[in-house]
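>>> What would the 3D arrangement of this be:
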Amino acid sequence: MRARWHVSDVLLPASAALWAFGVSRTDATALGPYGLPAALPVVFYAGVALLVASAAAELARRHPSRVRMAVHAVALVVVLYGTAPLVYQEGRYGWLYKTIGVVQYVSVHGQLARRIDIYQNWPGFFAAAAWFDKVAGLASPLGYAKWAQLVFELAALPLLQVIYRALALPARQRWTALLLYSAGNWIGQDYFCPQALGTLLSLGIMAVALRWMLADDSPRPGRAGLPRAGRAARGPGSPPGSPPGGPPARRPAGSVRFCAVLVPLYLVLTFTHELSPYLVLVQLGALAVAGLLRPRWLPLALAAIAAGYLLPRFGYVNSRYNVFSSIGDFFGNAAPPSAAWSLVVPGSQRLLQDCAAALSLGVWALSVAGAWLRRRSGRTAGALVLLAYSPLLVLAAGAYGNEGILRVYLFSLPWSAALAAAVLAPLPADVTGRADVTGRAAGTGRAAGTGLAAETGGRPPARRGRLPRGALRTPLALGIALALFFPAFFGDDRFNVMTEAEVTDVASFLQGAPAGPVFCAIDNTTTADTARYNLFPLAPVFGSNGAAQDAPAAPDVAGLLARQAVRYTAGREPAYVLVTPSMIAYGQDFGIPVRSFTTLLASLARSRVWKIAVDRPGAVVYELPPGAAVRGAGAAPEPRFAVP
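Model (predicted):
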């Protein structure tokens, strides 16, 4: 029998070809204030639009193909997270190179030094990466780190699929949620860092927990006309006599196996990332309080693990981050990072931030609407609402460096996308009248505990040949999400991307220079990608906490920096000033004029105490030798150098 072809069999390869051609034609060597989106050619966006159309066409079929939809989900991730490593020679984000430096430190020294920074107090990711480099025979993660976003986002897809199946989401809603998750994840937590691994571990923990719960989508008895007894009301796999709509009874041996899997995963998460364990704890605790998770004491055991790991390190954390200062300030902690801007930034930067905010608020708004639509769908709705909105509770405890709201959005996104899918793909029944829950035909309408009548509110199924109700909502919402994603995710690439020359020149300087403090024009470069990163504490020149603060640089700024350097070192070790192209680009986007950098370099060139050490396309470094004669050092303000 000849296999039937689908419209997506033509559209998907065409979209991939257009995307690949667009990537090959992209010139990312001179990005402007809107970053990579302005540099991508029209053919690239045509490929993205065709991908959305292809996914919509497949979702509109009576029986969407599981394999084809999986390929679409993978293709979207490749387009969104595989473009950057193809068009850029080096990895994005200056902070990526800090994680590379910590991995290098662990590889070289074979041990941790908890006094250096918070990263070495939560070493799970760094130890794993150092082990991988050793096994693979690699000298540094630098060669593969730029691909981390693609790898982590691809790894999230099967975990999300397990989660959505455990929640008994109808097939169309599962695939819609997967696509929306990828299109809505603009945070950038998925680079080569502990948060990326922490996100995967968190999803893995939730997959285990939800599979154990066997959450079904059965309406509560008496609320949607379903019988009060019987397998459909109790949910699949429920033993006779179990309460309708409630969690199925469990044998003690099963609970032991469940805890034996989940607790070790949580333990690994605890020493991998500082915040993720507490967000997961809040979510699991909410499920336990609502009676959806058994055993109910499990969150208490997990809290003991998290507290037991934190307490020996709390003194260090509190001394660096003053944990108690933001407790109880919910609205202050919920402020986005832009609330801390002290400079007048260009309108382009405001627009990029507005795109990110619009995308986040749009997903949340759809999730609220979806929660209302699913209000009669039993434990599934309850679990999704608790998981989506319980992370907001952590904002009562701290701002997490003005990024608390970003972490809340990140941990809310899988569940918010699932709720939003109820709005975008409202009919979980296909046009033949069979329940479309697992992606396979189920004539009784009871697959995974979801009846057709319950899901459609008693309405008759669509007639053959018609598109499912709301079929155009998914491509419209996905298109809007992607239109906001590109500026939110790639818009800052003018300063987020380091050139190969900058990476090489800064690393060469750090590898060979004597240890000493470094004045960075702005802390936005690759200053920590070697095993010696802890020997070069940093202090910014410009910015609200910089030596020159927010004002334009004075002609004698070199003298000011020399006095501060001698006060810090007492003349016993050298000090440095570092200026790179990415710092200048950052300054342009955040209100620091180019003339300030020009004044700084001119002042250093005229100085009698600062000596040129590096003058290359990727970096300019001036050195203040030990014992340099600098007057007035005792009256200089105290500089704030810190390990990056």
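
>>> where does R114 land in three-state SS?
On the three-state scheme (DSSP: H, G, I helix; E, B strand; the rest coil), R114 is labelled coil.

>>> got it, and V621?
strand.

>>> where do the helices sit along the stretch 351-500 of the chain?
378-389, 404-424, 452-456, 473-490, 493-496, 500-512 (DSSP state H, counting those that start in this stretch).

>>> Ok, the stretch 51-200 of the chain next?
Using DSSP H, counting those that start in this stretch, helices in the stretch 51-200 of the chain cover 66-87, 96-109, 124-136, 148-166, 171-184, 194-213.

>>> now do the same end-to-end measure for stretch 600-620.
11 Å (Cα to Cα, to the nearest Å).

>>> wait, I meant stretch 620-634
Across stretch 620-634, first to last residue, Cα to Cα, it's 28 Å.

>>> For the helix or strand that L281 is a member of, buried residues please.
Assigned by DSSP states H and E, L281 belongs to helix 276-289. Using 16 or more other Cβ atoms under 10 Å as the test for burial, helix 276-289 gives 276-288. C-beta here means a position set from N, CA and C on the backbone, and glycine is covered the same way.

>>> Stretch 607-626 now?
S607, V609, W610, A613, V614, G618, A619, V620, V621, Y622, E623, L624.

>>> Does the first one touch A562 like I think?
Pointing back at S607 there. Yes. Shown here, S607 and A562 form a contact pair, counting by Cβ atoms under 8 Å, at 7.0 Å.

>>> Just the angle for the helix or strand where A260 lies relative to helix 276-289, thanks.
Using DSSP H and E, A260 sits in helix 252-270. Per axes from the mean of the first three to the mean of the last three Cα atoms, to 10 degrees, the angle that helix 252-270 makes with helix 276-289 is 150 degrees.

>>> which residues touch helix 252-270?
124, 198, 201-202, 204-205, 208-209, 212, 276-277, 280, 294-295, 298, 301-302, 305-306, 309 (Cβ atoms under 8 Å, 6 or more residues apart in numbering).

>>> cool, and stretch 475-493?
Taking Cβ under 8 Å, 6+ apart as the rule, stretch 475-493 contacts 28, 31, 34-37, 40, 48-49, 52-53, 55-56, 80, 84, 88, 92, 179-180, 183-184, 186, 188, 348, 351-352, 355-356, 358-359, 362-363, 366, 420, 424, 589.

>>> Swap in 7 Å and give it another go.
By Cβ atoms under 7 Å, 6 or more residues apart in numbering, the surrounding residues in contact with stretch 475-493 are 31, 34-37, 48, 52-53, 56, 80, 92, 179-180, 183-184, 186, 188, 352, 355-356, 358-359, 424.

>>> again with stretch 122-141
100, 102-104, 106-107, 112, 119, 192-194, 197, 268, 271-274.

>>> now with 6 Å?
I100, V102, V103, V106, S107, L112, P194, L197, F271, T272, E274 (Cβ atoms under 6 Å, 6 or more residues apart in numbering).

>>> Could you export it as CSV, CA atoms only?
Extracted in CSV, the C-alpha atoms of stretch 122-141 (Å, rounded to 0.1, in the frame of the first residue of the first chain):
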residue,chain,number,x,y,z
TRP,A,122,27.8,24.7,43.5
PRO,A,123,30.2,22.6,41.4
GLY,A,124,28.0,19.9,39.9
PHE,A,125,28.0,21.3,36.3
PHE,A,126,31.7,22.3,36.4
ALA,A,127,32.9,18.9,37.7
ALA,A,128,30.8,17.1,35.0
ALA,A,129,32.2,19.3,32.3
ALA,A,130,35.8,18.9,33.5
TRP,A,131,35.3,15.1,33.5
PHE,A,132,33.9,15.2,30.0
ASP,A,133,36.9,17.2,28.8
LYS,A,134,39.3,14.7,30.3
VAL,A,135,37.5,11.7,28.8
ALA,A,136,37.2,13.4,25.4
GLY,A,137,40.8,14.6,25.5
LEU,A,138,39.9,18.3,25.2
ALA,A,139,41.9,21.1,26.6
SER,A,140,39.0,23.4,27.0
PRO,A,141,35.2,23.6,26.5
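
>>> Let me know the average pLDDT across that stretch.
Across stretch 122-141, the average pLDDT comes to 93.

>>> Tell me the buried residues in it?
Buried, per 16+ other Cβ under 10 Å, within stretch 122-141: W122, P123, G124, F125, F126, A127, A128, A129, A130, D133, S140, P141.

>>> Okay, now the unreliable bits of the protein?
1-3, 214-254, 338-343, 399, 427-469, 549-551 (pLDDT under 70).

>>> picking up where we left off before, the buried residues of stretch 607-626 into CSV, with extra columns for distance to P581?
As requested, the buried residues of stretch 607-626 are exported to CSV (distance: Cβ to Cβ, whole Å):
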residue, distance to P581
S607, 22
V609, 26
W610, 20
A613, 17
V614, 13
G618, 7
A619, 9
V620, 10
V621, 14
Y622, 16
E623, 20
L624, 23
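
>>> farthest-separated two in the residues you listed?
Maximum pairwise distance in the buried residues of stretch 607-626, criterion Cβ to Cβ, is 24.7 Å, between V609 and G618.

>>> Tell me the one of the buried residues of stretch 607-626 nearest P158?
Nearest member of the buried residues of stretch 607-626 to P158, counting by Cβ to Cβ, is G618, at 39.6 Å.

>>> ok, the closest one touching S508?
No. In this structure, G618 is not within contact of S508 by Cβ atoms under 6 Å, at 9.0 Å.

>>> since we're on the nearest residue to Q195 once chain neighbours are set aside, how many residues are nearby?
Closest residue in space to Q195, ignoring its immediate chain neighbours: Q189 at 4.5 Å, by Cβ to Cβ, 6 or more residues apart in numbering. Neighbour count of Q189, defined by other Cβ atoms under 10 Å: 22.

>>> Could you do G491 as well?
25.

>>> now swap in G627 and tell me
12.

>>> tell me, what residue is most central in this structure?
Q189 (2.6 Å; Cα atoms, centre = their mean).

>>> So that residue sits against L197, correct?
No. Using Cβ under 6 Å as the test, Q189 is too far from L197 to be in contact (10.3 Å).

>>> Quick check: neighbours shared by the two?
In contact with both Q189 and L197: no residue, using Cβ under 6 Å, 6+ apart.

>>> quick one: which of the buried residues of stretch 607-626 is nearest to A381?
G618 (53.9 Å).

>>> Give me the phi and psi angles of that closest one.
phi -90, psi -10 (degrees, to the nearest 10).

>>> Compute the distance between it and V541, please.
18 Å (Cβ to Cβ, to the nearest Å).

>>> go on, W175?
50 Å.

>>> give me every residue that touches V503.
V503 neighbours (Cβ under 6 Å, 6+ apart): E90, T526.
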